[in-house]
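Enquirer: only geometry, no sequence info:
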DNA sequence: CTGAAAGCGCTTACAG
DNA sequence: CTGAAAGCGCTTACAG
């Protein structure tokens, strides 16, 4: 079947293409008999408006881009992206938008394509995952006035950028406070300095310590890089310093940490309390940590909703969404405590 | 900066928009001084052709869709999609195509969007992941003449469809033969009937048994559903039948199988040989099976290449790509045997 | 309520 | 080698 156009449908129904267009777009003021005549022709012959022509006329494509600089970091680290992509897809489907992928595997990729994405008008907006290398992109993105939402707190320009972030500081604060309430005093942290999420979690940890009258002990902080292996190594470095509890800023690293504890014959939770921060909106298949901070709402879906709000309202005022976290206490007490901070 | 058009660049350079278009598209027969004049204007003011207008004029969008019916199956099963998506993205980037996602989370999603994808001309082609529910889509896809490539062997219409598949039968045959050579005779299989990949792997297993003069023992076959947990349960059902080796048709299920063996105090590989089939093109972070069948080339990249070949050549003759598998022997012998079948 | 016409920003056959 | 013009398939202000 050849693709039909508005013109041809119009001819078949004995009306102009303008009228067919109006029928298709549910424009209200059309004589009922005309509307029906057109609808009948469409039902018989099938008609699907050409999306490209529509986009050109309306200057909007209904496509939003997922822009991920530095993908490699994710692929070899944790399943963040794997959870994010289906979530964004789902949210887009619900709003009749199509997600396009701009995952950059090399600096080369980035250079070559960023300008094109920015200027070719093929997307109505962008969801950008935060990365240390943000800074290169942000000024241009801001300048271009292309609607976009950052996933994660930006390290710069926060007042001029819309973003969706987890309450990393609050979650880490809850986690640490939980450990303090259990009576622990030598609470270690496995963290890193790869993104603002880790920064904020470290800050929440320190804040809880300080408020409890404890001073931060540098030897109880070990850095990883979000991989399981780095969690393992970090825990091994911590063990000699005899922590009685550890807060791990990512679930994947906590798998490694747990293994290191097992290897050392340290039983969790009997000999050592462990709380991890779960990045995944979707329930992870295996959450190894006994107690975990996680986030009930998916940031990806929030980002889509925020982006579409910006696109549709035309109001570019920056939105800052901080999604609440909750503490899931497993093992002994088994209760689920939920709380906003 | 306002977006410039061909017309405006033309005005600035004192030429027609046709000439600017030719310069931008590297049309050869242009007087050098004119070309330079135009290029200078473009360099000064910046110009990025509007992708949508271009698509309309050329009747090609340079977008290809990744069409995944029944996503849920993947999300809760194994990391197949997580590996596939970045791979497809990468291949698209390399060819200056943009991947769009059509992941369907519900039957509703599918119904609503499939027709639109098919007819709206927003994609130049589709990569479709094979699924038991293919049959609903295939006839329409074929009818519509939209170029597409199936990832996996179709259960129907194979002669009229282009597809990229792993050599599942060959790989399973190799795996089983390997176990036979090691002297095993009671070789169990953990498989399922969820897709043709599993079917073909089961067939390769049976073929190797038959050629070795063994008869297939139904009690040595257990079904799972690609999840780790199902592998665990399947292994538990097999243990009473005292296999001396087991071939697991997916890596994820083999993790579960391994756990069941551990629980039962059966040591791998000392007391029981285990070979798994690794679906992941990217080296999996943790391949638990000691010996594994895997595939060096990513099917996603092959699918992109095949699809673009169809699109660009205009030749719709079905392509059937069977990617070779190799047996990676770990543990004791440690050698890597590679072979086509 | 409906149609003719202009416009969205490109490409390219055609004429010169 | 270059430009005027038609065309891609829609939308919508304008006129009636």
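Expert: Good, I have the coordinates. Bear in mind the structure is a predicted one, so any value in this text is a computation, not a measurement.

Enquirer: what's the burial count for residue A:175?
Expert: 28 (other Cβ atoms under 10 Å in any protein chain shown). Using the backbone N, CA and C atoms, a C-beta is placed for each residue, glycine as well.

Enquirer: residues contacting it?
Expert: Residue A:175 is in contact with A:204, A:205, A:247, A:275, A:277, A:291, A:293, A:327, counting by Cβ atoms under 8 Å, 6 or more residues apart in numbering or on different chains.

Enquirer: mind checking the backbone torsions on residue A:28?
Expert: Note on residue A:28: its backbone torsions stand at phi -70, psi -40 [degrees, to the nearest 10].

Enquirer: okay, now it: neighbour count?
Expert: Residue A:28: 6 neighbours (other Cβ under 10 Å).

Enquirer: What does the pLDDT read for it?
Expert: pLDDT, residue A:28: 90.

Enquirer: Okay, it and residue A:168: tell me how far apart.
Expert: Here residue A:28 is placed at a distance of 48 Å from residue A:168 (Cβ to Cβ, to the nearest Å).

Enquirer: Name the nearest residue to residue A:210, ignoring sequence neighbours.
Expert: Leaving aside its sequence neighbours, residue A:210 sits nearest to residue A:216 (Cβ to Cβ, 6 or more residues apart in numbering or on different chains; 7.3 Å).

Enquirer: Which secondary structure element is home to the one you found?
Expert: Under the criterion DSSP states H and E, no helix or strand holds residue A:216.

Enquirer: How many neighbouring residues does it have?
Expert: 14.

Enquirer: now swap in residue A:141 and tell me
Expert: When counting by other Cβ under 10 Å, one arrives at 22 neighbours for residue A:141.

Enquirer: Please name the nearest non-neighbouring residue to it.
Expert: Excluding the flanking residues, the one nearest residue A:141 by Cβ to Cβ, 6+ apart is residue A:148, at 5.5 Å.

Enquirer: Identify, from the contacts of residue A:175, the entry nearest to chain B.
Expert: residue A:277 (19.8 Å; Cβ to the nearest Cβ).

Enquirer: ok, residue A:30 to residue A:21 distance?
Expert: In terms of Cβ to Cβ, residue A:30 sits 11 Å off from residue A:21.

Enquirer: which phi and psi does the closest residue to DNA strand C within the stretch 151-300 of chain A have?
Expert: Of all residues in the stretch 151-300 of chain A, residue A:162 sits closest to DNA strand C, at 25.1 Å by Cβ to the nearest atom of the strand. Here is the backbone geometry of residue A:162 (degrees, to the nearest 10): phi -80, psi 140.

Enquirer: Isn't it up against residue A:311?
Expert: No. If you go by Cβ atoms under 8 Å, residue A:162 and residue A:311 don't touch, sitting 11.1 Å apart.

Enquirer: Would you mind telling me which of those two has more residues around it?
Expert: Taking neighbours as other Cβ under 10 Å, residue A:162 and residue A:311 compare with residue A:162 leading, 22 against 19.

Enquirer: which non-adjacent residue is nearest the closest residue to DNA strand C within the stretch 101-250 of chain A?
Expert: Closest contact between the stretch 101-250 of chain A and DNA strand C, by Cβ to the nearest atom of the strand, is at residue A:121 (7.5 Å). Excluding its sequence neighbours, the residue lying closest to residue A:121 (Cβ to Cβ, 6+ apart) is residue B:50, at 5.3 Å.

Enquirer: Could you point out the bridge partners of the residue of the stretch 151-300 of chain A closest to DNA strand C in the sheet?
Expert: Going by DSSP bridges, residue A:162 is paired in beta bridges with residue A:149.
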